[in-house]
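Visitor: predicted model follows, preceded by the sequence.
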Amino acid sequence: MKTVAKFWKPVNGKVECYLCPVGCELKDKQVGACGVRVNEGGKLFTYTYGSLISAAIDPVEKKPLFHFYPGHLTLTIATPGCNLHCKGCQNWEISQVPKGEVFENTFFTQTYVPPELVVEKAIEKGCKSISYSYSDPTIFVEYMIDVAKLAKEKGLKNIMVTAGYINPEPLEEIDKYMDAYSIDLKFFSDEAYRKYSKGRLEPVLETIKFVFERGKWLELTTLLVPKYLDEKQIRNIARWIAQKLAPWVPWHISRFFPYYKAQDLPPTPIEDLEKAYRIGKEEGLQYVYVGNLPGNKYESTYCPNCGNEVIGRKGYLITKIDLKDGKCGKCGYEIKGRF
Ligand code: SF4
């Protein structure tokens, strides 16, 4: 549904959107880089308020969040569009909206799911939380805030799954309602961010630091994209997490498969995932997980003190939990998270 957007101001006869670091300055009828925000008559409009293109009930492990009420169900929603343009986007069919599509496709103007219905369905289906994901929820900020506000009032948790390419002011507003974040830290090179995603590294690091400093639950994910992410970057990511955040921040390293415009790249070799895991541990990270490789031994949570398997996983399934009041069932060491 089309509605007036937040986070913009008029500048020299144009409209400047300051929702994300792309910082589009749009002439009348011009569409932003995300494909869904438009200057019309000197006002910025979003075309995706409540235009749900995807809704599913997932285990929270799929976000991935491994230390946030393990095993609970989360209603996950998305609208079309994205402010990044990753070559290998898995959800490109919903995230990459061609310029001008919003004017031509009635989906945008005619689809509307009220926030009340999303919250009602989450409760009816036994979900503990609502996740904003699949595309990047940054670009449906107005809808996310309205759903999250209502969800919070009804006792549900809110989870933002994002690439973290957002400006501080909107993030501050969103953060009032969020309980947890799953953020991609894709590369540790501005050049790789620019070439692969049409983004930049620094704003993502700022978002991550903001969330961490607010004390919200945070887990990070790095997709090991061959050719764009080298060993040096992997080590720098792990070191940055351990030193600038904390060694207990969970880090998910995930296997890449070729999609969209990255079909020339191979899937991540398994030995590269194992090497990245070792690098994470060498840099002092306590919880390193290997994703997109079902059945591997690095899916479970081990106590950093005694090595006891405190949360066993097989894919997205929880096979065991050996925690007492958030502490290791064997030695009593505190496992960081929300349990
Ligand atoms: S949210 Fe969209 S319109 Fe706004 S600055 Fe980012 S890409 Fe441009």
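Guide: Sure thing, it's come through. Keep in mind it's a predicted model, so treat the numbers as computed, not measured. Residues are numbered from 1 along each chain as shown.

Visitor: quick one: residues contacting Lys275.
Guide: 231, 234 (C-beta atoms under 8 Å, 6 or more residues apart in numbering). Using the backbone N, CA and C atoms, a C-beta is placed for each residue, glycine as well.

Visitor: hmm, I typed the wrong one, I wanted Ile130.
Guide: 74-77, 118-119, 122, 147-148, 151, 156-159.

Visitor: run the last query once more with 10 Å
Guide: Residues in contact with Ile130, defined by C-beta atoms under 10 Å, 6 or more residues apart in numbering, are 55, 74-77, 115, 118-119, 121-123, 144, 147-148, 150-152, 154, 156-159.

Visitor: before we move on, what about Ala262?
Guide: 86-89, 92, 196, 225-228, 256.

Visitor: circling back: ChimeraX command for the buried members of the contacts of Ile130?
Guide: Those of the contacts of Ile130 that count as buried under 16 or more other C-beta atoms under 10 Å are selected in ChimeraX with:
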select :74,75,76,77,115,118,119,121,122,123,144,147,148,150,151,152,156,157,158,159
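
Visitor: just the ones in strands from the contacts of Ala262, please.
Guide: Judged by DSSP state E, strands contain none of those.

Visitor: let me know the closest of those to Leu293.
Guide: Phe256 (10.9 Å; C-beta to C-beta).

Visitor: what sits against that closest one?
Guide: Per C-beta under 10 Å, 6+ apart, neighbours of Phe256: 88, 90, 223-226, 228-229, 262, 265-269, 272-273, 292.

Visitor: if we use 7 Å, what do you get?
Guide: Counting by C-beta atoms under 7 Å, 6 or more residues apart in numbering, Phe256 touches 88, 223-226, 267-268.

Visitor: in the chain, what residue is nearest the ligand?
Guide: Residue of the chain nearest the ligand, by C-beta to the nearest ligand atom: Gly32 (2.3 Å).

Visitor: could you look up the SS state of Arg239?
Guide: Using DSSP: H, G, I helix; E, B strand; the rest coil, the three-state assignment for Arg239 comes out as helix.

Visitor: which of the contacts of Phe256 are buried?
Guide: Buried by 16+ other C-beta under 10 Å: 88, 223-226, 268, out of the contacts of Phe256.

Visitor: could the residues you listed be laid out in a markdown table, adding distance to the ligand?
Guide: Shown next, in a markdown table, are the buried ones among the contacts of Phe256 (distance: C-beta to the nearest ligand atom, whole Å):
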| residue | distance to the ligand |
| --- | --- |
| Gly88 | 19 |
| Leu223 | 21 |
| Leu224 | 26 |
| Val225 | 22 |
| Pro226 | 27 |
| Thr268 | 29 |
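
Visitor: so which residues make contact with stretch 137-155?
Guide: So stretch 137-155 is contacted by 3, 5-6, 19-20, 34, 36, 46, 48-50, 79, 81-83, 115-116, 118-119, 122-123, 130, 132, 158, 160, 162, 165-166, 170, 173-174, 177-178 (C-beta under 7 Å, 6+ apart).

Visitor: could you pick out which of these are near the ligand?
Guide: 19-20, 34, 83 (C-beta under 6 Å from any ligand atom).

Visitor: where do the domain boundaries of the chain fall?
Guide: Domain assignment for the chain by automatic domain parsing gives 3-46, 54-273.

Visitor: could I get these as JSON lines with mean pLDDT?
Guide: Formatted as JSON lines, these follow (pLDDT from 0 to 100):
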{"stretch": "domain 3-46", "mean pLDDT": "97"}
{"stretch": "domain 54-273", "mean pLDDT": "97"}
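
Visitor: would you reformat these as CSV and include distance to Thr301?
Guide: Output for the domains of the chain, formatted as CSV (distance: least, C-beta to C-beta, whole Å):
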stretch, distance to Thr301
domain 3-46, 33
domain 54-273, 6
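
Visitor: and which of the buried ones among the contacts of Phe256 is nearest to Tyr302?
Guide: Taking the buried ones among the contacts of Phe256 together and measuring to Tyr302 by C-beta to C-beta, the closest member is Leu224, at 21.3 Å.

Visitor: leaving out the residues flanking it, which one is nearest to the closest one?
Guide: Thr268 (4.3 Å; C-beta to C-beta, 6 or more residues apart in numbering).

Visitor: so who does that neighbour touch?
Guide: 224, 226, 255-256.

Visitor: and Phe66, by the same measure?
Guide: With C-beta under 7 Å, 6+ apart, Phe66 has these contacts: 219, 250, 289, 301.
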